[in-house]
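> Curious how this folds, go ahead:
(2 chains)
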Amino acid sequence: MIALGAGQALIPLGAVVLFFSLNQEQVVFVDVTQQVGIDFVHYNGATDEKYLVETMGSGGGFFDYDGDGDLDIYLLNGAPLPGSELLQKPPTNVLYRNNDDGTFSDVTALAGVGEAGFGMGMAAADVDNDGDLDIYVTNFGANVLYRNNGDGTFSDVTAYAGVEAGAWSTSAAFADFDGDGFVDLFVCRYVDFSLSTHKFCGDRARNLRAYCHPVIYDPVPNLLYRNRGDGTFTDVTASAGVYVKDEGKSLGVVWGDYDNDGDLDLHVANDTMRNFLYRNEGQGRFTDVTLSAGIGYSEDGQAQAGMGNDFGDYDGNGWLDIIVTNFDFEYNALYQGQPGGVFIDRSYSTGLAEPSINFLGFGTFFFDYNNDGLLDIFVANGHILDNIDLFNSLSTYRERNFLFRNRGDGGFEEISHRAGPGFSREMVGRGAAPGDFDDDGDEDILVTMSGEAPLLLRNEGGNRNRWIGLRLVGRRSNRDAVGARVTIEAGGKKYFKEIKAGSSYLSQGPLALLFGLDSAESAERIVIRWPSGEVEKLGPAAAGRRLIAVEGLGVVP
Amino acid sequence: MAWVAATGFTEPQVQIDEPFRRGVELFNQGKDLEALQVFRSAAFLAPENAYVHYNIGMILEKLGLSTEALEAFRKAANLAPEEQEILLALGESLYWASRLEEAAAILEKAAGPPPLPEALEILAAVEQAQGATDKATSTLKHYIELRPEDLDARLLLGEQLAGAKRYEEAITVLKAGLTVNNVPPDLFFRIGEGLSRNSEERGEAVRYLRKALEVDSQHEPARLLLGRILARQGHLEESLAELQQVANDHPRSPQVHFALADIYRRLGRAAEAGEAQRRFRSLEKDAQESDRRRTRIMVSATTARELLEQGKVQEARAEFESILELNPESAEAHATLAKIAYSSGNLNEAQRHITRAINQETTVGEYHFLAGLFAARTGKGEEAESELRRALELDPAIPDAWSLLGVLAADDSRHAEAVGCFLKEASLSPSNPSVQLNLSAAYRALGKTVQAEEAMERYRALLAAGESKR
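Down below sits the predicted model:
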């Protein structure tokens, strides 16, 4: 103990150190959902029948629909089912415009994106390279592609584009896999559940109904659409080598260059079946390398209930890693990318698995919440059985979310209990996306729910460390440079991120990148690997700024 | 369940001592139906004797007549509400009938004081079925304090504690079981598994896993986990040896091939890694397909039974036919389709289905009864009798089989045999008036007019009782 002086209480040295480090650490997330004007409440159509689709939730995300530089929010909604409670007004998807003053306005009707289908997920990208972001909405039923008209409105061009898909779609993601300068589209599809083939599941003897386990349904093949560049798409699933008939039940998809060969590969999270890792071989073809890459299963060879996923380099070794969320009594899986394109399951050794065992994870992403240059992890949790406590008292329907801080030593620490009131609430989390909606230099969080209002968590304190923002504009590459890899060197460290249009679970984060620089005053070097293959080296650039880099022209004012 | 009570010591003995003793003797000789008849007579003589009803319940339970057994236990419990053994039987019966709340209340009482460990054991199962996992764990702990030698219960408790992330407690509970003689390999394995979570305790984990393998060298999970731990410790060649052993002993285990693929890959043996991967994928696909089929059949069967209960016979039929698409040899589906066909008057189809059911499951008494019934309806008396006898050999508790056999015997003027069959039917279905009518006719045919009249009296009484209930 140290004596502080006569008459003063003695404080143990350890406590002083701890107090000091807590103050340095202190980044909290505050729920500002209502405060900013988001009054959306998700409608899941819940019935006594317990149709499986009711409980899978809907997603949403951040994207700048009006090109004014700030992040707007789009939220997907469910729809009535036979036996649902009657409503005065049909529920629709909702688009909120960021007013750039800390508030949002509902512009759904004006924009024409208030579709009333059973909405699942979204992906946003500039499909026609005309300078604004279009939206693809997945549904339980036919999907919808909205073309942005550039004037605050959208047009439904699904039929013309040929991307209706049908059946039950879940996550979707855009990326230019063939390098022709136009973003293509991968659509996950789940199971062959339909209202007419719905069955009783649960404990008949106790007259307890539960949502059916997906094992009783067959998978529906995913779809890969190639963008022809004229506003239409072609289904190239089979020719690309990603058509799978008897495996799948896909819920999450993310594009990323996991093998560092310059093209975009694909990871798909599947429910109760092995995940897929497709290596892009060029020439429009993929190879399923799941097993040889050491990924796809738990460390003891069990297929897990893959829900959401994301790529990111958490350990800074220059190879993408993968996070996949799973069911309760499984664990969230973290696969560490290794040279040569293989993975090692580090779920337990990094500290990610243990806290997650009694939780059911959905949306997840890598992000740097405290701008220390290290990728942290967020997980949105929430069970699928609203009566789970009647089957197992160790599990609950409403669950708290997780924030895992990257310690920088290869491990993570679960710090949700210290991350502010936004993390203490229990909820039925589904989609999740990061995004700096208030433009203050740190990443905030959007979480969508099943049957409840979403959660918009504002990051308070993350911008105490330095940061730099970067938006890319492609010329030979697709317009928003989806798939570009940006590597930053700052303060003796090097980190990279890739631009993604769709990831997590049913969700989308912004296309502009935000890099934490820790205490570095500037980014000494910025290397952009454009989707076209061109590599541009920029910098140095002072911290605290948002840059726009145009392909071939460098940073523009 | 416990044996029948040797005595009904709660009541005055004089009238039923001898029948009680006789009933117990017959039961111990394996003559369940005869024992049942005797105890039913004893119940008639001494309806307030709780243990008579208890013994009736025990025999009915053994015969598979669970609903009737439950009623007998309930009667016994009403007469002797403080008798723990009777409450235990009632509680267990309620548990198997999925009447969990009632079961819990009864078993809590049965558990004592003074403590009755068996009641605690079943109470824990009830609480687990109710989803009250914490409570179940606590009850199971209490049970194990009373029965420390019950290693199965100890393993179950260890699993529950591990599921609740109370890992250290789980290991303590499991280790306490090591003092018992003949420790099963599973106990060593579970301890090893628990210790292996902590990287600092992996050495000790290895020790316990090796002990499991000393007891049972073919314990797949123990050797598989040992192989994995050795791999995590970097002892790849040792790990490979263990995993290869598992693969030899259990070639159809997908997990071992998955683990082998990983080790081969890390050892740079790409071709063998590829082969192991292929093997894993093939086995995994088979396992998944089997799992998928099994789950679908289960869900379809539940739906089908529900439809039948609702009287939606055609929809139920469609559901059972969908089960046959997944499993063409499903005996349950064939048997149910046989019943549906029979009720629609389609005997040929009924016989076709029941034959397939019997081909799959030759030892289900009910199926042979149905075969006998269909044969009788098509005039094939000998065949019918043969099937009915086989049915009753397998399951003497099918009252309708006794009834039909008695009718066939009576039709063939074998009235003494008919009487025997009807008496057995009556012991199983004491409230059924029609059996008394048949019995009366058979006695009359034998010239036993007194017995015939007594049976007729019972018939009238049961009819009247049935009328007054309505």
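> What residue in the stretch 151-300 of chain B comes nearest to chain A?
Distances between the stretch 151-300 of chain B and chain A by C-beta to the nearest C-beta are smallest at B:F258, namely 3.1 Å. Where C-beta positions appear, they are placed from N, C-alpha and C, glycine not excepted.
> What is the burial count for that residue?
By other C-beta atoms under 10 Å in any protein chain shown, 27 other residues sit near B:F258.
> A:E524 too?
16.
> show me where pLDDT drops low in chain B?
B:1-15, B:469-470 (pLDDT under 70).
> one step back: my guess is the residue of the stretch 151-300 of chain B closest to chain A contacts B:F280. True?
Yes. Using C-beta atoms under 8 Å, B:F258 is in contact with B:F280, at 4.6 Å.
> Could you name every residue contacting both of the two?
Common contact partners of B:F258 and B:F280 (C-beta atoms under 8 Å, 6 or more residues apart in numbering or on different chains): A:G301.
> quick one on the thing from earlier: give the helix, strand or coil label for the residue of the stretch 151-300 of chain B closest to chain A.
helix (DSSP: H, G, I helix; E, B strand; the rest coil).
> Just give the nearest non-adjacent residue to it, would you?
A:G301 (3.1 Å; C-beta to C-beta, 6 or more residues apart in numbering or on different chains).
> And the pLDDT at that neighbour?
We note a pLDDT of 87 for A:G301 in this prediction.
> how about it, what does it touch?
Applying C-beta under 8 Å, 6+ apart, the residues near A:G301 are B:P254, B:Q255, B:H257, B:F258, B:A259, B:F280, B:E284.
> A:D132 too?
Per C-beta under 8 Å, 6+ apart, neighbours of A:D132: A:Y65, A:D66, A:G67, A:D126, A:N148, A:G150.
> For the fourth one, which non-adjacent residue is spatially closest?
The shortest distance from A:D126 to any residue that is not its chain neighbour, by C-beta to C-beta, 6+ apart, is 4.3 Å, and that residue is A:R479.
> Repeat that for the third one.
Spatial nearest neighbour of A:G67, excluding adjacent residues (C-beta to C-beta, 6+ apart): A:D132 at 5.7 Å.
> any idea which element the one you found lies in?
Per DSSP states H and E: A:D132 is located in neither a helix nor a strand.
> before we move on, the earlier item: which of the contacts of A:G301 are buried?
B:P254, B:Q255, B:H257, B:F258, B:A259, B:F280, B:E284 (16 or more other C-beta atoms under 10 Å in any protein chain shown).
> okay but the fifth one is in contact with B:A231, surely?
Yes. In terms of C-beta under 8 Å, B:A259 counts as a neighbour of B:A231; the distance is 7.5 Å.
> coming back round to it: make TSV from the contacts of A:D132 and add secondary structure and pLDDT to it.
Converted to TSV, the contacts of A:D132 look like this (DSSP: H, G, I helix; E, B strand; the rest coil; pLDDT from 0 to 100):
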residue	secondary structure	pLDDT
A:Y65	coil	98
A:D66	coil	97
A:G67	coil	96
A:D126	coil	98
A:N148	strand	98
A:G150	coil	97
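> Which single residue of the stretch 301-450 of chain B approaches chain A most closely?
For the stretch 301-450 of chain B, C-beta to the nearest C-beta, closest residue to chain A: B:T303, 5.2 Å.
> Quick one: residues contacting that residue.
A:K199, A:F200, B:E319.
> Which of the residues you listed fall in strands?
Of the contacts of B:T303, none are assigned to strands by DSSP state E.
> In helices, which of the residues you listed fall?
With DSSP state H as the criterion, helices contain B:E319 from among those.
> ok, so of the contacts of B:T303, who is nearest A:Y258?
A:K199 (38.7 Å; C-beta to C-beta).
> do you know how far the closest one is from B:K109?
39 Å (C-beta to C-beta, to the nearest Å).
> which residues touch the closest residue to B:A104 other than its chain neighbours?
In space, and not counting its chain neighbours, B:A104 is closest to B:V126: 5.0 Å by C-beta to C-beta, 6+ apart. The contact partners of B:V126, by C-beta under 8 Å, 6+ apart, come to B:G91, B:Y95, B:L100, B:A103, B:A104, B:L107.
> and if you look at A:G431?
Shown in contact with A:G431 (C-beta under 8 Å, 6+ apart): A:57-61, A:76, A:121, A:308, A:362-363, A:380, A:446-448, A:504-507.
> And A:T325, by the same measure?
With C-beta under 8 Å, 6+ apart, A:T325 has these contacts: A:252, A:269, A:306-309, A:332, A:356, A:361-364, A:379, A:505.
> ok, now with 10 Å
Residues in contact with A:T325, defined by C-beta atoms under 10 Å, 6 or more residues apart in numbering or on different chains, are A:251-252, A:269, A:304-310, A:331-333, A:356, A:359-364, A:377, A:379-381, A:402, A:432, A:504-505.
> Out of these, which sit inside helices?
Per DSSP H, the contacts of A:T325 map to helices at A:S356.
> Dump the contacts of A:G301 into JSON lines; add distance to A:G181 as well.
Listed next are these as JSON lines, based on distance: C-beta to C-beta, whole Å:
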{"residue": "B:P254", "distance to A:G181": "44"}
{"residue": "B:Q255", "distance to A:G181": "45"}
{"residue": "B:H257", "distance to A:G181": "44"}
{"residue": "B:F258", "distance to A:G181": "41"}
{"residue": "B:A259", "distance to A:G181": "44"}
{"residue": "B:F280", "distance to A:G181": "40"}
{"residue": "B:E284", "distance to A:G181": "40"}
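> And the furthest pair within these?
B:A259 and B:E284 (12.7 Å).
> how much space is there between the closest residue to A:V268 other than its chain neighbours and A:V324?
Of all residues not flanking A:V268 in the chain, A:F276 sits nearest, at 4.1 Å (C-beta to C-beta, 6+ apart). Distance of A:F276 to A:V324, given as C-beta to C-beta: 11 Å.
> ok, and for stretch A:526-534, which residues are buried?
A:I526, A:V527, A:I528, A:R529, A:W530, A:P531, A:S532.
> how close does the residue nearest to A:V268 get to B:E393?
55 Å.
> These two: which is more packed in?
A:F276 (25 against 11).
> so where do the helices sit in the stretch 1-150 of chain B?
B:17-28, B:32-45, B:50-62, B:66-79, B:84-96, B:100-110, B:117-129, B:133-146 (DSSP state H, counting those that start in this stretch).
> and among these, the most buried is which?
Of all the helices of the stretch 1-150 of chain B, helix B:50-62 carries the top mean neighbour count, a mean of 26, counting by mean count of other C-beta atoms under 10 Å in any protein chain shown.
> Which segments of chain B make up each domain?
Following automatic domain parsing, one finds the domains of chain B at B:184-251, B:396-470.
> Make a markdown table from those and add distance to B:A357 and mean neighbour count to it.
Compiled in a markdown table, the domains of chain B are given as follows (distance: least, C-beta to C-beta, whole Å; neighbours: other C-beta atoms under 10 Å in any protein chain shown):
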| stretch | distance to B:A357 | mean neighbour count |
| --- | --- | --- |
| domain B:184-251 | 33 | 19 |
| domain B:396-470 | 15 | 18 |
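> Using CSV, lay out these together with distance to A:G181.
Converted to CSV, the domains of chain B look like this (distance: least, C-beta to C-beta, whole Å):
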stretch, distance to A:G181
domain B:184-251, 46
domain B:396-470, 77
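> could you redo those as JSON lines and give each row distance to chain A?
JSON lines is the format used below for those (distance: least, C-beta to the nearest C-beta, whole Å):
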{"stretch": "domain B:184-251", "distance to chain A": "7"}
{"stretch": "domain B:396-470", "distance to chain A": "22"}
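> Quick one: closest of those domains to A:V183.
Comparing these under C-beta to C-beta, the one sitting nearest is domain B:184-251, at 41.7 Å.
> Under a three-state scheme, what state does A:Y258 occupy?
Classified using three-state DSSP, A:Y258 is coil.
> thought it was touching A:R279?
Yes. Contact criterion C-beta atoms under 10 Å: A:Y258 and A:R279 qualify, at 7.7 Å.
> shared neighbours of these two, which are they?
Common neighbours of A:Y258 and A:R279 (C-beta under 10 Å, 6+ apart) are A:D265, A:L266, A:V289, A:A293, A:G341.
> possible to save the residues you listed as CSV with distance to B:N182 and neighbour count?
Compiled in CSV, the shared contacts of A:Y258 and A:R279 are given as follows (distance: C-beta to C-beta, whole Å; neighbours: other C-beta atoms under 10 Å in any protein chain shown):
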residue, distance to B:N182, neighbour count
A:D265, 54, 26
A:L266, 54, 24
A:V289, 49, 20
A:A293, 46, 23
A:G341, 51, 21
